[in-house]
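Enquirer: Here is a sequence with its predicted model. Questions after.
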Number of protein chains: 2
Amino acid sequence: MLSEFDLIARYFTRQPDPTGRVRLGVGDDCALISPAAGQQLAVSTDLLVEGRHFFAGADAAMLGHKSLAVNLSDLAAMGARPVGFTLALALPEVNENWLAAFSRGLLALADQHSAELIGGDTTRGPLAICITVFGEVPYALALRRDAACPGDDIWVSGTLGDARLALAVLHTTLSVDQQSFEAAARHLHQPTPRVALGLALRGVAHAAIDVSDGLLGDLGHVLKRSGVGAHIDADALPVGTALAQQTQSLQRHFALNGGDDYELCFTAPVLNRQAVLAAAAASDTRVTCIGKITADTALLVTDQYGQPLAIAADSFDHFKNP
Amino acid sequence: MLSEFDLIARYFTRQPDPTGRVRLGVGDDCALISPAAGQQLAVSTDLLVEGRHFFAGADAAMLGHKSLAVNLSDLAAMGARPVGFTLALALPEVNENWLAAFSRGLLALADQHSAELIGGDTTRGPLAICITVFGEVPYALALRRDAACPGDDIWVSGTLGDARLALAVLHTTLSVDQQSFEAAARHLHQPTPRVALGLALRGVAHAAIDVSDGLLGDLGHVLKRSGVGAHIDADALPVGTALAQQTQSLQRHFALNGGDDYELCFTAPVLNRQAVLAAAAASDTRVTCIGKITADTALLVTDQYGQPLAIAADSFDHFKNP
């Protein structure tokens, strides 16, 4: 049987960081890292638990991808460039096939973003994955939640509600054709962190957040911290082809409250519209303007004719949704 | 019922960091931190799982203390000064009494070390605590595992084996008087991270590691990475008063292989003996010289007469000790 130390060595030891920002990695009491001159280190942590964030028996490679993707998404929402991450893993048993697939999925995404695995911890226990991610951003250019201004356009990247659609199919509360399901399931299992867009939005966007718990709930955090309100046009919400085939009511519900989207929701001054579109083009990412920041503190959702919709913010909450 | 967001706000929101190293804390997608000029950021992560690292029903305040202490111990072993930490918490339910006690124990220790809680994540799940800790150290002064040199003295802080003694009593494989048990149990439940000693050993010690999995196993990591061996005098091992009342054989076994000590094991050149003692005095920490680093790669344990003992390194391994 592999020991804990063998495990770490076999699956998670990487080559040294070529950029020199990581001075000491896996294998000492601590890793040593430093942001480049003039940069802050952006830090975020996420804990994924079996049965809560993923199904028992979830594909290990996809789980490795998603575990890191949800963390990189936080860096993206800050406009930060990935540097590295730590991985703490509780495993019910040592299953080498599982570990090989998990590390393959994890490290493939890490390599795409030049994020180095700098340290970790493994233990026996109910399957849980805790990643803490590090990125760099100049302080003045960080995309903060408290920076939305009245009059700002509100934008989202990609499409919303796809992951929620896939979940509904998996829960057999909805049925769609196989091709539509597979397209939606990719959003659920292998989200694309919008790192390139986040970087391109430095100096262009005001506030940003990643949509992990549902658009209305996450936008609500931006509004609260910025002391502003918003007016969202429900008919402008971008949805994927599978969701577009559903009823308008379901489209709106999943797009507004779905969760697990890992798209960026950001605000930018009207004068920066062309710059936003240029950032989207430069990062090869679709963006859609879905509303405006308002000077009051209400979150209003209307159809394209301005008729208010009775839609409550139903942000995903791990303790309210057992 | 408290929502996830209420939880974070109520128990884990702190006042802003007065030192200015943390520019943005809990409540955004990422925290923003930066080491002071000339310093590296030391990073370590530990995942504690119920039934593995602590008993079901463990005292929440002590668990809060210990969760952070084991991480601060990693900073101490690097000679790093604590800056902050992230906390990811999986909880089976929202129990406000538990949360209040946990955060009290956690934050009291954090305050002692000026370590700021900069971010986190909470979810429902089997009780698990993942902390990632950040400290500062100048690169050239970091106490690395690969820096032991032949001829170095080997030192340990405090006493060894106390936590293992308490565990044996809890497992009813050993019986001691109540006072002895309580003294030993403090080592198990409320270890003191040797942060002040680690800082005082900058420029004095060569290599260091914290003893979490047992002295021989942890020292073995230092030897392997430094490409050296060691000669340990078993009769020099410092043990607490409770363990000192046990048989010599049990004393040696618990001191050499006990685990959960969270003492520092470090090496220093013979010329620095006075400096080591001065560092110990300055940090009000007992230190004991227990052996020498050798030029071969063997780990030899002898009694005071130089007779070799047949003691295998039995380092705690979360997958070998189910």
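Expert: Alright, I've got the coordinates.

Enquirer: ranges for the strands of the stretch 101-250 of chain A?
Expert: Under the criterion DSSP state E, counting those that start in this stretch, the stretch 101-250 of chain A contains strands at A:116-124, A:128-137, A:153-157, A:208-211, A:229-233.

Enquirer: Any chance of those strands in TSV with mean pLDDT and distance to residue B:112 as columns?
Expert: In this view, the C-beta of every residue, glycine as well, is placed from N, C-alpha and C. Formatted as TSV, the strands of the stretch 101-250 of chain A follow (pLDDT from 0 to 100; distance: least, Cβ to Cβ, whole Å):
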stretch	mean pLDDT	distance to residue B:112
strand A:116-124	88	23
strand A:128-137	95	23
strand A:153-157	98	43
strand A:208-211	96	34
strand A:229-233	95	42
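
Enquirer: could you redo those as CSV and give each row mean neighbour count and distance to residue B:235?
Expert: Output for these, formatted as CSV (neighbours: other Cβ atoms under 10 Å in any protein chain shown; distance: least, Cβ to Cβ, whole Å):
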stretch, mean neighbour count, distance to residue B:235
strand A:116-124, 24, 34
strand A:128-137, 28, 42
strand A:153-157, 24, 66
strand A:208-211, 28, 58
strand A:229-233, 21, 72
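
Enquirer: Turn the ones you listed into CSV, columns for distance to chain B.
Expert: Below are the strands of the stretch 101-250 of chain A laid out as CSV (distance: least, Cβ to the nearest Cβ, whole Å):
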stretch, distance to chain B
strand A:116-124, 4
strand A:128-137, 4
strand A:153-157, 14
strand A:208-211, 6
strand A:229-233, 18
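
Enquirer: Looking at the ones you listed, which is nearest to residue A:52?
Expert: strand A:128-137 (9.3 Å; Cβ to Cβ).

Enquirer: Name the strands paired with that closest one and say parallel or antiparallel.
Expert: strand A:40-49 (antiparallel), strand A:81-91 (antiparallel) (DSSP bridges).

Enquirer: Please state the offset of the first one from the chain centre?
Expert: Computed by Cα atoms, centre = their mean, to the nearest Å, the chain-centroid distance of strand A:40-49 equals 11 Å.

Enquirer: got it, and stretch A:68-75?
Expert: 5 Å.

Enquirer: residues of that stretch that come out buried?
Expert: A:68-75 (16 or more other Cβ atoms under 10 Å in any protein chain shown).

Enquirer: out of these, who's near chain B?
Expert: Of the residues in the buried residues of stretch A:68-75, proximity to chain B by Cβ under 8 Å from any Cβ of the partner chain holds for A:74-75.

Enquirer: Tell me the one of the buried residues of stretch A:68-75 nearest chain B?
Expert: residue A:74 (4.4 Å; Cβ to the nearest Cβ).

Enquirer: Quick one: residues contacting residue A:230.
Expert: By Cβ atoms under 8 Å, 6 or more residues apart in numbering or on different chains, the contact list for residue A:230 reads A:154, A:219, A:223, A:291-294, A:298-300.

Enquirer: Filter those down to the buried ones.
Expert: Buried members of those, counted by 16+ other Cβ under 10 Å: A:154, A:219, A:223, A:291-294, A:299-300.

Enquirer: any idea which of the contacts of residue A:230 is closest to residue A:10?
Expert: Checking these against residue A:10 with Cβ to Cβ, the nearest one is residue A:219 at 43.2 Å.

Enquirer: And for the closest one, nearest residue in space, chain neighbours not counted?
Expert: Nearest in space to residue A:219, with sequence neighbours left out and distances taken as Cβ to Cβ, 6 or more residues apart in numbering or on different chains, is residue A:265 at 5.6 Å.

Enquirer: what sits against that neighbour?
Expert: Going by Cβ under 8 Å, 6+ apart, residue A:265 touches A:154-156, A:208-211, A:215, A:218-219, A:222.

Enquirer: can you pull the contacts of the closest residue to residue A:308 other than its chain neighbours?
Expert: Leaving aside its chain neighbours, residue A:308 sits nearest to residue A:302 (5.2 Å; criterion: Cβ to Cβ, 6+ apart). The neighbours of residue A:302, taking Cβ under 8 Å, 6+ apart as the test, are A:231-234, A:308-309.

Enquirer: Would you point out the most distant pair within the contacts of residue A:265?
Expert: It's A:154 and A:210 that sit farthest apart of the contacts of residue A:265, by Cβ to Cβ, at 14.3 Å.

Enquirer: before we move on, the earlier item: so of the buried ones among the contacts of residue A:230, which ones are in helices?
Expert: Secondary structure from DSSP state H places A:219, A:223 of the buried ones among the contacts of residue A:230 in helices.
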